[in-house]
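In: Give me coordinates for this.
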Amino acid sequence: MRSLFALILSLTLVAFSGTVLAGENEYKATDNEELFGTWVNMDYKDDMYVQMIIFKLGEYGLYSSVNDNEPMWTAEYRISQKWTDAKGNIWYKHRFKAGAMGSGFELCKISESGKTLEYIFSQWEYPKELDTNSEYYRKYNRK
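Out: Numbering: from 1, shown residues only. Here you go, the predicted structure:
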C-alpha cells in the first residue's frame, strides 16, 4: 500500500513540476470568454487562409468558406494566459492540437470593442508579438 501511495505521489509531483518548468499554468476559461464565437474574414479566399473560425470552450473549427456547414478541421486548445492591456484589448495565449495538421502556439488579441480578433501562430513557441507582416498573422471580425 505504501509503495502504491509513493508511486502516485511521485507521478503527481513529476506532472506538476513538468508544468511549472514549462512555464505553463492553465487558465480556467469561463462560459462567456470574449474569444468564444464566430469570426470571419471575407478577404481570405485561398488555401492558405480560412474565412471563418468558430471558437468554443476547448475547441475551435476552421472553415474554408463562411458558407460551409462543416469545418475543414477542428483543433483542441487550452488557454494558458489571459490579460487586458492598458488600451482595453484582451489577450490570450493558447496551445492547440489539430490532429494531422499538428500542434502549436498562438497569441491572440481581441480589440477593446470586442469586434476584431488578431492572432499569430508558431509551431515551436509562443509568439512574442503580433507581427502583422508575418505569414502566420491572421485578422478576423466578429460575426
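In: What segments of the chain are helices?
Out: 2-22 (DSSP state H).
In: just for it, where's the confidence low?
Out: Filtered on pLDDT under 70, the chain yields the residue ranges 1-24.
In: if we go to 80?
Out: 1-25, 46-48, 101 (pLDDT under 80).
In: in this structure, which residue is closest to the centre?
Out: residue 94 (3.9 Å; Cα atoms, centre = their mean).
In: what residues are up against it?
Out: 77, 78, 79, 80, 105, 106, 108 (Cβ atoms under 8 Å, 6 or more residues apart in numbering). C-beta: built from backbone N, CA, C; applies to glycine.
In: are any of the residues you listed buried, and which?
Out: 77, 79, 80, 105, 106, 108 (16 or more other Cβ atoms under 10 Å).
In: want to try JSON lines for these, with distance to residue 86 as columns?
Out: Converted to JSON lines, the buried ones among the contacts of residue 94 look like this (distance: Cβ to Cβ, whole Å):
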{"residue": "77", "distance to residue 86": "26"}
{"residue": "79", "distance to residue 86": "21"}
{"residue": "80", "distance to residue 86": "21"}
{"residue": "105", "distance to residue 86": "24"}
{"residue": "106", "distance to residue 86": "22"}
{"residue": "108", "distance to residue 86": "18"}
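In: Return the subset of those lying in strands.
Out: 77, 79, 80, 105, 106, 108 (DSSP state E).
In: so, if you compare the residues you listed, which one comes nearest to residue 60?
Out: residue 77 (6.4 Å; Cβ to Cβ).
In: these two touch, right, that closest one and residue 58?
Out: Yes: counting by Cβ atoms under 8 Å, residue 58 is a contact partner of residue 77 at 6.7 Å.
In: still on that earlier bit, just the buried ones among the contacts of residue 94 now: which is nearest residue 42?
Out: Distance to residue 42 across these (Cβ to Cβ) is lowest for residue 108, with 20.0 Å.
In: Noted, bye for now.
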